[in-house]
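Asker: Predicted structure and sequence below. I'll ask about it afterward.
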Amino acid sequence: MGLESYVLIAGFLFCVGLYGILTRRNAIGVLVSVELLVNAANINLAAFAHFGRGLDGQVFVLFTTALTVAEVVVGLALVILLFRRRKDILLDLANGLKG
């Protein structure tokens, strides 16, 4: 499998994630779509590191994975807060959490 295959797979994942962010009203669905976007970037970083014979891309993948885990923790905490306050996880109701 060449570099082009990895870039095409990452591009497809990115498009699916972007579509999910733009069309979902559910907070969990948006979080999953953001994960797809980050995984597409990780695939590109790892593929370019593999074919470029460097370790820089793999180190960046490690850091972005750690940041993604932190992002998921914060996102799920917000979803739990939204559910406790509104008894639903639709993003349209999240506007009421201001203040």
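Answerer: Received, thanks.
Asker: just to confirm, which helix or strand has the residue positioned nearest the centre of the chain in it?
Answerer: Residue closest to the average C-alpha location in the chain (Cα atoms, centre = their mean): E35, at 2.1 Å. Here E35 sits within helix 27-52, counting by DSSP states H and E.
Asker: Which neighbouring elements make contact with that helix?
Answerer: On a contact count with 3 or more Cβ pairs under 8 Å, 6 or more residues apart in numbering; DSSP states H and E, helix 27-52 meets helix 3-23, helix 56-86. The way it works is simple: take the backbone N, C-alpha and C, and place the C-beta from them, glycine included.
Asker: Of all the residues in stretch 70-87, which ones are buried?
Answerer: Neighbour counts over stretch 70-87 (16 or more other Cβ atoms under 10 Å) mark G75, V79, L82 as buried.
Asker: didn't the second one look like it was pressed against L31?
Answerer: In this case it means V79. Yes: if you go by Cβ atoms under 8 Å, V79 and L31 touch, sitting 7.3 Å apart.
Asker: Quick check: the gap between the residue nearest to the centre of the chain and L13.
Answerer: To L13, E35 is 10 Å away according to Cβ to Cβ, to the nearest Å.
Asker: now do L78
Answerer: 24 Å.
Asker: pLDDT score assigned to the residue nearest to the centre of the chain?
Answerer: E35 carries a pLDDT value of 91.
Asker: Excluding sequence neighbours, find me the nearest residue to D56.
Answerer: A49 (6.3 Å; Cβ to Cβ, 6 or more residues apart in numbering).
Asker: Now do the contacts for that neighbour.
Answerer: For A49, the contact set (Cβ atoms under 8 Å, 6 or more residues apart in numbering) comprises L55, D56, G57, Q58, F60, V61.
Asker: again, only using 7 Å
Answerer: Each residue near A49 by Cβ atoms under 7 Å, 6 or more residues apart in numbering is listed here: L55, D56, G57, Q58.
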